[in-house]
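Engineer: Okay, structure incoming, though there's no sequence with it:
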């Protein structure tokens, strides 16, 4: 299917209007829309406006509450525990990360948990807020259970992303933002649309055996019939799949258990009809670099490391060694200049939604 | 080669005596020996007393200074930057982690960097100190460059381990302790001794191409001739090797750059004869769970998660789903009861060293 090129600012305004029409306060609508559009601009369309309908449906069916305000449950100079009050994940995330940054500036470090939240979009959106303050930024969230622990056949761990960000000097910031499974679900869906078999080592079938059958895996995932995506490192222990499984659980303990939110299989209202809200959990952190080393010296050294990595000798047949975040910054700049490509299906969905809501549709 | 079964306490005393004879103060000798023997007891012999000779040689040739004291360079209620003064890594690590724990108990969180240090043994030794204080414990270190970034052919990143630990209730603590490369160098050496080819995806040759040639990879590593161990996720991006590469750099930024120590290719005195000390860097953290959620509730929920993971349906042909740290705790208990197996080569080396140092050799 062809892409449609749109203007990111118009797109963001449209999404904001959609949320406002659903009763979401203006500021909350803006951060949620910005988060989705930034994902598209960073070439992570699985977390972009393609997700808008899920949010819309969540609000419509009462699983996501518009207009609630995050509540501080517990606070010290360098920590806080927050409840998102079952509102959108993005305003709760913004509140949590802002608080972590404030605490890091005042006290050196700030760590904030969020419970009673929802899908918060790309993890890197929050961690990257720390950059302009010269802080290290950390962001994690648990997510719907789509992953299978090592030697299991049950889909009971999330793709649980982690993002850690450091400011550099002349170079772009170093931005790690990764799911702890070998791939996210979105990548399987891309293969399905292309009619391609999965590389062996991405997913297992309902018996827990690695499979290339894209459709079967996605069907099983939808029905929670067993099988799912493998942790980073793949099946079994030969290529250290247990490490990816460990990273996924790590993120879940910080995001789900430490915050008092749901964890693992319970981050999914579909499994238990009596559970009204998803109760997703997040974890945010900010660390003041200057407390350890003068930030200018830190940046100069990180610049040097980045330069050396980029200029290292390439593997035969390869042209570039990438720095984390680099591809996304380049895409962002390109799309800002040349327009943002949206999948035609997503464009059409937006057009239909706008018409239903009586919102003027002009995003090109 | 057959193993020799020894008594771990006698072994620890012998190692302590070796260090004391080399001018290491009693307390520093004890923690260093304990760290090595605990690695053996946890069935991580690559970081056990097999490494003693490297430490002995390091002290003898002036690259590791005995009898120095860690120095606090900068301190706030929840952070500290420390210099290990080019002494053994273990006493510096103990000092750093103790300080992080103290700060977490006083202020909610404690983060401590260490520069001017040396190899500190297993990362989990330090993070696990947080358990009995009901804290989350974090420990990272950079290490000699044995890994190759995604799409590069140069051995310029470390196996850079990360350990994160949480206390549970009735269950054993959850202990993640992993190298960020797909395997550590020690695993390649095991394959060499067995004359086995490497699984494709563990390492690359001097051209950066995945290879099964165990001997070639180890030779290249010794000569720094290019190639080396791959990051978690393997070669290229198909199985997300870039995520493992990111984890490795993450650990290096926290341990090496934030601390002011060396990073990447420079954590190795062999590369540049003018560099006298390795200047390894570590990063320690402790987080007070009670600041976020009552620790009893945390432990009960973690117990439940652990039970559910263990009792999940197994993949076809598999009998157990493991919890991180579980295998090591079981080995520890078994070796404590039945004696600790040491490689005959290591046993013979110890016997020879004891004889040279006039230390009574009785470790069975």
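Structural biologist: Noted; the coordinates are in hand. Here the structure is a predicted model, which means the values were calculated and not measured.

Engineer: For residue A:310, give its distance to residue A:322.
Structural biologist: 8 Å (Cβ to Cβ, to the nearest Å). All C-beta atoms are positioned from the backbone trio N, CA, C, and that covers glycine.

Engineer: Check residue A:229 too.
Structural biologist: Distance, residue A:229 to residue A:322, using Cβ to Cβ: 23 Å.

Engineer: more crowded one of the two?
Structural biologist: residue A:229 (25 against 18; other Cβ atoms under 10 Å in any protein chain shown).

Engineer: May I have the residues that are in contact with the closest residue in space to the more buried one that isn't next to it in sequence?
Structural biologist: Sequence neighbours aside, residue A:181 is the residue nearest to residue A:229 in space, at 4.5 Å (criterion: Cβ to Cβ, 6 or more residues apart in numbering or on different chains). When contacts are counted by Cβ atoms under 8 Å, 6 or more residues apart in numbering or on different chains, residue A:181 touches A:146-147, A:159-160, A:229-232, A:244, A:248.

Engineer: out of those residues, which one sits closest to chain B?
Structural biologist: residue A:232 (5.5 Å; Cβ to the nearest Cβ).

Engineer: Can you check the pLDDT for the residue nearest to residue A:229?
Structural biologist: Per-residue pLDDT puts residue A:181 at 97.

Engineer: likewise residue A:49?
Structural biologist: Looking at residue A:49, the pLDDT reads 96.

Engineer: swap in the one 4 residues further on?
Structural biologist: Looking at residue A:53, its pLDDT reads 95.

Engineer: for residue A:104, same thing?
Structural biologist: 98.

Engineer: same question, residue A:170
Structural biologist: On the pLDDT scale, residue A:170 is placed at 98.

Engineer: show me what contacts the residue in the stretch 151-300 of chain A that chain B sits nearest to?
Structural biologist: Closest approach between the stretch 151-300 of chain A and chain B, counting by Cβ to the nearest Cβ: residue A:208, at 2.6 Å. By Cβ under 8 Å, 6+ apart, the residues touching residue A:208 are A:148, A:151-153, A:226-227, B:313-316, B:318.

Engineer: Just the buried residues out of those, in ChimeraX syntax.
Structural biologist: The ChimeraX selection below is limited to those of these classed as buried (16 or more other Cβ atoms under 10 Å in any protein chain shown):
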select /A:148,151,152,153,226,227 /B:313,314,315
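
Engineer: wouldn't residue A:239 be in contact with residue B:235 here?
Structural biologist: No - between residue A:239 and residue B:235 there is no contact under Cβ atoms under 8 Å: 10.8 Å.

Engineer: So the two - more neighbours on which side?
Structural biologist: Under the criterion of other Cβ under 10 Å, the comparison of residue A:239 against residue B:235 puts residue A:239 first, with 26 against 22.

Engineer: Share the number of residues neighbouring residue A:25, please.
Structural biologist: 15.

Engineer: measure it to residue A:65 for me?
Structural biologist: 12 Å.

Engineer: One more: residue A:214?
Structural biologist: As judged by Cβ to Cβ, residue A:214 and residue A:65 stand 36 Å apart.

Engineer: One more: residue A:242?
Structural biologist: Residue A:242 is 38 Å from residue A:65, by Cβ to Cβ.

Engineer: Then residue A:129?
Structural biologist: Relative to residue A:65, and taking Cβ to Cβ, residue A:129 is found at 24 Å.

Engineer: These two: which has the busier surroundings?
Structural biologist: residue A:129 (21 against 18).

Engineer: Is it correct that that one is in contact with residue A:96?
Structural biologist: No - the pair residue A:129 / residue A:96 is not scored as a contact, 10.5 Å apart, by Cβ under 8 Å.

Engineer: By mean pLDDT, which helix or strand of chain A comes out lowest?
Structural biologist: helix A:185-194 (a mean of 87; mean pLDDT, DSSP states H and E).

Engineer: Mind giving me the packing neighbours of it?
Structural biologist: helix A:214-223 (3 or more Cβ pairs under 8 Å, 6 or more residues apart in numbering or on different chains; DSSP states H and E).

Engineer: Could you list the buried residues of the helix it packs on?
Structural biologist: Those buried within helix A:214-223 under the rule 16+ other Cβ under 10 Å are A:214, A:216-218, A:220-221.

Engineer: if we look at the helix or strand that comes right after that helix, which residues are touching it?
Structural biologist: Once the chain leaves helix A:214-223, the next helix or strand it forms, by DSSP states H and E, is strand A:228-229. For strand A:228-229, the surrounding residues in contact (Cβ under 8 Å, 6+ apart) are A:145-148, A:155, A:159, A:181-185, A:188, A:202-204, A:217, A:220-221.

Engineer: how about 7 Å then?
Structural biologist: For strand A:228-229, the external contacting residues (Cβ atoms under 7 Å, 6 or more residues apart in numbering or on different chains) are A:146-148, A:155, A:159, A:181-183, A:185, A:202-204, A:221.

Engineer: tell me the mean pLDDT for that strand?
Structural biologist: Strand A:228-229 comes out at a mean pLDDT of 96.

Engineer: The following helix or strand past it near chain B at all?
Structural biologist: Per DSSP H and E, the first helix or strand lying C-terminal to strand A:228-229 is helix A:241-252. Yes - using Cβ under 7 Å from any Cβ of the partner chain, helix A:241-252 reaches chain B at A:242-243, A:246, A:249-250.

Engineer: Please name every helix or strand in contact with helix A:241-252.
Structural biologist: When contacts are defined as 3 or more Cβ pairs under 7 Å, 6 or more residues apart in numbering or on different chains; DSSP states H and E, helix A:241-252 sits against strand A:157-158, strand B:174-178.

Engineer: give me the element the closest residue to residue A:42 other than its chain neighbours is part of.
Structural biologist: Among residues not flanking residue A:42 along the chain, residue A:328 sits closest, at 4.1 Å (Cβ to Cβ, 6+ apart). Residue A:328 belongs to helix A:326-338 when assigned by DSSP H and E.

Engineer: what's the angle from that helix to helix B:241-252?
Structural biologist: 110 degrees (axes from the mean of the first three to the mean of the last three Cα atoms, to 10 degrees).

Engineer: Report the buried residues of helix A:326-338.
Structural biologist: In helix A:326-338, counting by 16+ other Cβ under 10 Å, buried: A:326, A:328, A:331-332, A:335.

Engineer: between those residues, which is nearest residue B:269?
Structural biologist: residue A:326 (31.2 Å; Cβ to Cβ).

Engineer: List the contacts of the nearest residue in space to the closest one that is not next to it in sequence.
Structural biologist: Spatial nearest neighbour of residue A:326, chain neighbours left out: residue A:172 (6.4 Å); criterion: Cβ to Cβ, 6+ apart. Neighbour list for residue A:172: A:325-326, A:329 [criterion: Cβ under 7 Å, 6+ apart].
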